[in-house]
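Student: sequence and computational prediction follow.
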Amino acid sequence: MADERGRQVLGRRRAAATVGILIAAGAGVLALHPARADEPHPGPYYRSVAQMADVAGCSRTLRPVALVGPAWDAGDCITPDGIQVQFRMFDNGDQATGWGSAMRETDTGPIDAIAYGNDWAVRVIDADRDQANRIFAHLT
């Protein structure tokens, strides 16, 4: 009887240890998994769409656009290689992600690439992946 209880206790301990290892391994994988371009991430911080356009290299063509929804600053520009870029500033990352989701829902053609920050979103219109990644590399 004592042997049976000992085996049961040992079995429970092994099960608990296995679950603990699996949880730790899963947390490690999540910690190492890089964020996708469409997920908010910690930085950098921008003060305005003008600053973002300067970093992206299209400040000369930046034009303000009407503020829609929770955006408090908005502008579009054309990069020197002819790519249209939309910049939006928000109070928080949830608002930025909401704007990006709404833009994806309205896309009638290929889905445009979008990157997010703490309180901003950048949408690259009708660009191939390499072009979008070059723009995002400057901003993120």
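Tutor: Done, it's in. Numbers count the residues shown, from 1 in each chain.
Student: phi, psi for the nearest residue to residue 110 once chain neighbours are set aside please.
Tutor: With sequence-adjacent residues excluded and distances taken as CB to CB, 6 or more residues apart in numbering, residue 110 is closest to residue 126, at 7.2 Å. Using the backbone N, CA and C atoms, a C-beta is placed for each residue, glycine as well. Summarising the backbone geometry of residue 126 under the convention degrees, to the nearest 10, its torsions are phi 50, psi 40.
Student: moving C-terminal of the helix-or-strand element of the chain with minimal mean pLDDT, what's the next helix or strand?
Tutor: Counting by mean pLDDT, DSSP states H and E, the chain has its least confident helix or strand at helix 2-32, which shows a mean of 46. The helix or strand immediately downstream of helix 2-32 is helix 49-56, counting by DSSP states H and E.
Student: which residue ranges make up the domains of the protein?
Tutor: Segmentation of the chain into domains, based on automatic domain parsing, reads 1-33, 49-139.
Student: just the terminal-to-terminal distance for the last one.
Tutor: Put plainly, it is domain 49-139. Its start and end residues considered, domain 49-139 measures 11 Å (CA to CA, to the nearest Å).
Student: what is residue 116 paired to in the beta sheet?
Tutor: When bridges are called by DSSP bridges, residue 116 pairs up with residue 121.
Student: ditto for residue 84
Tutor: Beta-bridge pairing of residue 84 under DSSP bridges involves residue 78, residue 125.
Student: does the residue nearest to residue 110 really touch residue 112, like I thought?
Tutor: Yes: applying CB atoms under 8 Å, one finds residue 126 in contact with residue 112, separated by 6.9 Å.
Student: more neighbours: these two, which one.
Tutor: Set residue 126 next to residue 112 and count neighbours by other CB atoms under 10 Å: residue 112 wins out with 17 against 13.
Student: so, low pLDDT: which residues of the protein?
Tutor: When residues are selected by pLDDT under 70, those of the chain lie in 1-43, 107-108.
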